[in-house]
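Colleague: Just the structure for this:
(2 chains)
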Amino acid sequence: MTGIELFLGEHLNPEKLNALLLLGVVLFGGTWVGRLFQLWKIPQVVGYIGLGLALGNTGLGWIDLTTMSHLQPFSTFALGLIGFMIGGELKIKTIKKYGKQFTTILLMESLGAFVVVSILITLASWFFFKNWSFAISLGLLMGSISSATAPAATTDVLWENKTKGPLTTIILGIVAMDDAVALLLFAVSTSVVGILMGNGGDVSLSSSLLDLVWEVGIAVVMGAGMGFILYRVIRSFSDEDKILAFSIGAILLLIGLAIFLGVDIILAAMSMGFFITNFAPRRSKETFHLVERFTPPVFILFFVMVGAKLDIKGLTSVTVILAVIYLLGRIGGKSIGAITGSVLSRAPRSVRRYLPFSLLSQAGVAIGLSIVAGQVFLGPLGDTIVMVVTATTFVVQLAGPPLVKFAITRAGEVGLNITEEDLIRQSRASDIADKDIPTIKENADIKSILKIFAERDNLYYPVVNEEGVLKGILPIEKLKDTFIASDIAEFLLALDIMDQAEFICRPDTEASEVRDIFKNRGLSSIPVVDENGIVYGMIEYRRMQQLITRRLLELKSKATALEKV
Amino acid sequence: MELNEILRPNYCRVLKSHTKTEALIELVDLLDKEGTVTDIEELKREIFYREQIMSTGIGQGIGIPHVRFAGISEPVILVGVKPAGFEDYESLDGEPVKMIFMILVGGEQHKEYLRILSLLVHRLKDEAFRTSLTSVENSESVYAVLTGESH
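Modeller: Numbering: from 1, shown residues only, chains lettered A, B, ... in the order given. Next up is the predicted model:
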């Protein structure tokens, strides 16, 4: 080995990357890859998980187990934030409206997956292992795990695409709640399996159920309590920085307590989000908005870690076959359940048609349960479960988000959950300009100018020369002033009474920039011109506001209309 | 606002020029020595641009070139009289222009500008006044007639 190789080996060993450098690589690279995927019209979360795969166990191995355990708190934090944000979307009004649909579809899709996967895996493993009790055990455990749907990757796609409508509401409700069903099914299954496999000492049904009541009950109570405290405090703060710091503090405190007490983190955070969104709707809107702006780096890190954790190197042909059966059974079971549930509860058509595509995602809870199964049932049973769940998670985490995107796009819910801020951020001057505004020639006399003002309700018109090049703006006040000199009005031209345009913009100027100019300069109108100075249109602040309000109302009524079909 | 407050003796002239263009330049150049406007050339361009779009000869021997110009702080009226008149002024009634009132105001002085125009046109409606103005022999009398000091 040469000196240089030695030097490089010592100083540039990727396995020795310090935590901050690794964080930098993950966030920098993750954002970049996510953006790239967005350009390819693939949900960004697939990019994050893909980067994780490349850097983690399956790929380069830069993110090893030690690093992952160091970064674990960030992932837990992300789960807490996701729970909090989902809780914030669950308004009591919505739940009341969708209550029946929620419960019916939730039960049908989770039980559908449970039943179908249990039967298929039982039959398949009997075929491989010729042992009924082993086959039934594997079937029950895999079946219960299959009923869980991961909220993180799914909701990330919903938030990325600003969706709104019945499908979005049902997806949010279901991905948030079916973990509870999965936990219940898993608790029952482990007890049955304990009896079947003969090591049921510490997994009796009653103790499992008691654990479940503890996990869910305490989480909900704790979350609501923390929500109450947060609500009391933000009521007395108006400073955004403080509200953000306090909210994040409250979430961290809650997550920490949840870990300490061994209860479900997502559920606790969700209950906190649920509490404040329903009991302090107005103040909490701002809080959720602030927390949302804080989430991107945490989420990127979380998804990269999800990818890095997956290790599919130890797969055998039997596990591959079981994984395929599990995957197909889960998709089939969830789809049949979702469709049956939607039909029974008379859910809108978009839910019936597209919900099955949105329930594929599986991650944290499924992996967590598989690890629990692996620890409780040592040997081939536990190992098989861990391998199958890991391998299928790999597949559904990459295939799930694009399918969710497909579903919400086909259901027509993309872009309907847009705020004024989003709308401005997405628009350019050309979108908000009044393009068919008549121009006033600089040599136009007062009489013809009056005619233009009389025919339209604009208050500002562009004044142009013979070539259509902008020369100035004619506001209605300047026209009014000509009454001072009514006896010479016939000698006055547009050029004499117009104002100079203080600011102009191009059709591709960002709308947010235009809005800032309006606000900071106290202007009322800005002409839009092309590169040759030819008038393209005119933006009036008053009309821009009207346009935005109208557009938001249109989107809202579109979302409402989706509920009726 | 009174016209007399704005008129200045040194801004009132019997013009030596023979054409409209020369006359307008002669009037603007009165400003030069006073230093009221920094960019005289730009001002001239603006004046001629306005004339090119439409002549300011409003008939009855009167021309009122006017412009709002960013470099001006106080309204200015430059008065030029030419008893023989300018044939090339392209007046509305086709008559030669004998009196030129050049009105210059600041970019923001829109109302002042219209008021001055209005006051001026109002005073010029008086035929006797127009006759006495076009009969002057020297620049001092121009100012005197305008402010009424000759009566």
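Colleague: From residue A:417, how far off is the closest residue to residue A:406 other than its chain neighbours?
Modeller: Residue nearest to residue A:406 in three dimensions, not counting chain neighbours: residue A:357, with 5.9 Å by C-beta to C-beta, 6 or more residues apart in numbering or on different chains. For the C-beta atoms, the positions are set from N, CA and C on the backbone; glycine is no exception. Look at residue A:357 and residue A:417: by C-beta to C-beta, to the nearest Å, they are 19 Å apart.
Colleague: Those two: which is more packed in?
Modeller: When residue A:357 and residue A:417 are compared on other C-beta atoms under 10 Å in any protein chain shown, the one with more neighbours turns out to be residue A:357, at 23 against 19.
Colleague: on that earlier part again, for the residue nearest to residue A:406, give its distance to residue A:410.
Modeller: 8 Å.
Colleague: Pull the number of nearby residues for the closest residue to chain A within chain B.
Modeller: Taking C-beta to the nearest C-beta, chain A has its nearest neighbour within chain B at residue B:118, 3.7 Å off. One way to gauge burial is a neighbour count; for residue B:118, by other C-beta under 10 Å, it gives 19.
Colleague: What strand or helix carries it?
Modeller: Take DSSP states H and E as the rule and residue B:118 turns out to sit in helix B:110-124.
Colleague: At which residues are the strands of chain B located?
Modeller: Ranges of strands within chain B are B:12-14, B:57-59, B:62-63, B:66-69, B:76-86, B:97-106, based on DSSP state E.
Colleague: Can you lay out those as JSON lines showing mean pLDDT and distance to chain A?
Modeller: Supplementary listing: the strands of chain B in JSON lines, determined by pLDDT from 0 to 100; distance: least, C-beta to the nearest C-beta, whole Å:
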{"stretch": "strand B:12-14", "mean pLDDT": "90", "distance to chain A": "21"}
{"stretch": "strand B:57-59", "mean pLDDT": "88", "distance to chain A": "5"}
{"stretch": "strand B:62-63", "mean pLDDT": "92", "distance to chain A": "10"}
{"stretch": "strand B:66-69", "mean pLDDT": "87", "distance to chain A": "7"}
{"stretch": "strand B:76-86", "mean pLDDT": "91", "distance to chain A": "15"}
{"stretch": "strand B:97-106", "mean pLDDT": "91", "distance to chain A": "10"}
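Colleague: Skipping its backbone neighbours, what lies nearest residue B:51 in space?
Modeller: Of all residues beyond its chain neighbours, the one nearest residue B:51 is residue B:65 (6.3 Å), with distances taken as C-beta to C-beta, 6+ apart.
Colleague: which residues does residue A:416 contact?
Modeller: Contacts were defined as C-beta atoms under 8 Å, 6 or more residues apart in numbering or on different chains; by that measure residue A:416 touches A:162, A:163, A:164, A:165, A:555, A:556, A:558, A:559.
Colleague: Repeat the analysis, applying 10 Å as the threshold.
Modeller: A:161-165, A:168, A:408, A:554-560, A:562 (C-beta atoms under 10 Å, 6 or more residues apart in numbering or on different chains).
Colleague: Name the nearest of those residues relative to residue A:461.
Modeller: The nearest member of the contacts of residue A:416 to residue A:461, counting by C-beta to C-beta, is residue A:554 at 27.2 Å.
Colleague: Figure out how far the one helix or strand the closest one maps to is from the centre of its chain.
Modeller: Using DSSP H and E, the secondary-structure element containing residue A:554 is helix A:541-562. Here the centre of helix A:541-562 is set off from its chain's centre by 22 Å, with C-alpha atoms, centre = their mean, to the nearest Å.
Colleague: So which elements touch it?
Modeller: When contacts are defined as 3 or more C-beta pairs under 10 Å, 6 or more residues apart in numbering or on different chains; DSSP states H and E, helix A:541-562 sits against helix A:166-197, helix A:349-354, helix A:420-426, helix A:429-432, strand A:460-464, helix A:511-521, strand A:525-529, strand A:535-540.
Colleague: Show me what the spatially most central residue of chain B bridges to in the sheet.
Modeller: Nearest residue to the geometric centre of chain B (C-alpha atoms, centre = their mean): residue B:101, 1.6 Å. With DSSP bridges applied, residue B:101 shows beta-bridge pairing to residue B:79.
Colleague: Is it correct that it is in contact with residue B:61?
Modeller: No: with contact defined as C-beta atoms under 10 Å, residue B:101 and residue B:61 do not form a contacting pair (11.4 Å).
Colleague: For the stretch 51-200 of chain A, which segments are assigned as helices?
Modeller: Assigned by DSSP state H, counting those that start in this stretch, the stretch 51-200 of chain A shows helices spanning A:65-89, A:92-129, A:132-146, A:151-160, A:166-197.
Colleague: and of these, who's closest to chain B?
Modeller: Closest approach to chain B among these (C-beta to the nearest C-beta): helix A:151-160, 48.8 Å.
Colleague: Next, the angle helix A:166-197 makes with that closest one.
Modeller: For helix A:151-160 against helix A:166-197, the angle between stretch directions is 180 degrees (axes from the mean of the first three to the mean of the last three C-alpha atoms, to 10 degrees).
Colleague: sorry, back to before: tabulate the helices of the stretch 51-200 of chain A (TSV), appending mean pLDDT, mean neighbour count and distance to residue B:31.
Modeller: Compiled in TSV, the helices of the stretch 51-200 of chain A are given as follows (pLDDT from 0 to 100; neighbours: other C-beta atoms under 10 Å in any protein chain shown; distance: least, C-beta to C-beta, whole Å):
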stretch	mean pLDDT	mean neighbour count	distance to residue B:31
helix A:65-89	79	20	68
helix A:92-129	84	20	72
helix A:132-146	85	25	90
helix A:151-160	81	24	64
helix A:166-197	76	23	70
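Colleague: Let me have those helices in CSV, adding distance to residue A:486 as columns.
Modeller: What follows is the helices of the stretch 51-200 of chain A, written out as CSV (distance: least, C-beta to C-beta, whole Å):
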stretch, distance to residue A:486
helix A:65-89, 61
helix A:92-129, 60
helix A:132-146, 84
helix A:151-160, 60
helix A:166-197, 61
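Colleague: related to what we said a few turns ago, count of neighbours near the residue nearest to residue B:51?
Modeller: By other C-beta under 10 Å, the residues close to residue B:65 number 25.
Colleague: how about it, what does it touch?
Modeller: B:20, B:23-24, B:27-28, B:46-48, B:50-51, B:55-57, B:78, B:80, B:89, B:100-104.
Colleague: Mind doing that once more with 6 Å?
Modeller: For residue B:65, the residues meeting the contact criterion (C-beta atoms under 6 Å, 6 or more residues apart in numbering or on different chains) are B:47, B:56, B:102.
Colleague: For it, give me phi and psi.
Modeller: Backbone torsions for residue B:65, taken as degrees, to the nearest 10, come to phi -60, psi 140.
Colleague: I'd like the distance between it and residue B:89.
Modeller: Distance, residue B:65 to residue B:89, using C-beta to C-beta: 10 Å.
Colleague: contacts for stretch A:132-150?
Modeller: Stretch A:132-150 has contacts (C-beta under 6 Å, 6+ apart) with A:110, A:113-114, A:117-118, A:121-122, A:125-126, A:175, A:178-179, A:181-182, A:185-186, A:189, A:192-193, A:196-197, A:326, A:330, A:359, A:361-366, A:369, A:373, A:385.
Colleague: same deal with stretch B:6-18?
Modeller: For stretch B:6-18, with C-beta under 6 Å, 6+ apart as the criterion, the contacting residues are B:23, B:26, B:30, B:75, B:77-82, B:139, B:142-143, B:146.
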